[in-house]
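J.: output the structure for:
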Amino acid sequence: MASIPRRGLLAAGFTALAMPALPAAAMQRPGDRRRAIWIRNQAGEEVRAAYIRADGQVDWQVVARLQRVFRDLRQNATGPMPVLLLDKLGQIQGRWGFHRPLILLSGYRTPRTNSSLEGAARNSRHLEGQAADIQIPGVPPAQVAAVAAEVSRHNMFMGVGTYGGFVHVDIGPLRGWRGAAPATS
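T.: Model (predicted):
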C-alpha cells in the first residue's frame with residue numbers, strides 16, 4: 001500500500017480548507033494559468049471572474065466587463081483596461097483570498113474629472129487607465145499599502161500611494177508616497 005507523504009497530506013488539507021473562500025475561477029489545477037479578480041465600484045457594480053483563462057489566454061469579454069466597472073462614473077466614460085493592472089490588483093487581493101471584493105474608488109478618469117479633483121496629479125496615470133484607488137473591506141489601508149509595496153518591490157515597478165482611507169496603485173515606475181501624490185500618479 002502506498003503511503004502519502006506527510007507534507008503532501010498537509011498541503012491537501014490546507015488547500016481543502018481554503019477552497020470554500022475561493023471562487024471557482026480562482027481554483028487552479030496544475031498547469032492552469034487562470035487569473036481572477038473580484039472588484040466592485042462605487043456604483044455597486046461588480047465583476048468576479050477569471051480574466052485569464054486556464055490556457056493562459058486573455059478573456060476579452062471579461063476584460064470588457066471590468067473596463068465598464070473601472071470607467072469614470074462622473075462622465076460615464078470607459079478608458080483603457082490594461083491586463084497588467086488587473087494582474088497587480090489580483091496579486092494584492094490574493095493576499096487576503098478571494099472572499100471579499102476590492103472596492104474601486106477610482107479607476108479610469110477623463111481629463112474633465114481629473115481636473116475637477118482636488119490634489120489630483122495633472123499627468124495622473126488614471127487618465128490612461130493605469131491606476132486604481134482601492135480599499136479592501138475590513139483591512140486597514142496601511143496594511144493594503146504594505147502588501148502593494150511588497151508586490152511593487154517584487155516586480156520592480158508599480159506606484160503605491162497611501163492615503164487616509166484608500167491606497168493608490170498604478171503600473172508606473174517603482175515609487176511610493178503618503179498623502180499628496182507625485183506629479184504623475
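J.: CA atoms for contacts and neighbours, from now on please.
T.: OK.
J.: and the helices in the chain?
T.: Taking DSSP state H as the test, the helices found in the chain are 6-18, 60-69, 83-94, 111-116, 141-155.
J.: lowest-confidence stretch among those helices?
T.: The minimum mean pLDDT among these belongs to helix 6-18 (a mean of 37).
J.: show me the contacts for the residue positioned nearest the centre of the chain.
T.: Geometric centre of the chain, nearest residue: residue 89, 1.8 Å, by CA atoms, centre = their mean. By CA atoms under 8 Å, 6 or more residues apart in numbering, the residues touching residue 89 are 37, 169.
J.: local confidence estimate at residue 183?
T.: pLDDT, residue 183: 47.
J.: okay, the residue nearest to the centre of the chain and residue 41: tell me how far apart.
T.: Look at residue 89 and residue 41: by CA to CA, to the nearest Å, they are 14 Å apart.
J.: measure the residue nearest to the centre of the chain to residue 80 for me?
T.: Per CA to CA, residue 89 is found 16 Å from residue 80.
J.: cool, and residue 39?
T.: Distance, residue 39 to residue 80, using CA to CA: 17 Å.
J.: what do you get for residue 54?
T.: In terms of CA to CA, residue 54 sits 24 Å off from residue 80.
J.: which one of those two has more residues nearby?
T.: Ranked by neighbour count (other CA atoms under 10 Å), residue 54 and residue 80 place residue 54 first, with 19 against 16.
J.: ok, now how distant is the more buried one from residue 30?
T.: Note on residue 54: its distance to residue 30, by CA to CA, is 10 Å.
J.: same check, this time on residue 40
T.: Note on residue 40: its distance to residue 30, by CA to CA, is 29 Å.
J.: just want to know which of these two has more residues nearby.
T.: Between residue 40 and residue 30, counted using other CA under 10 Å, the more crowded position is residue 40 (20 against 6).
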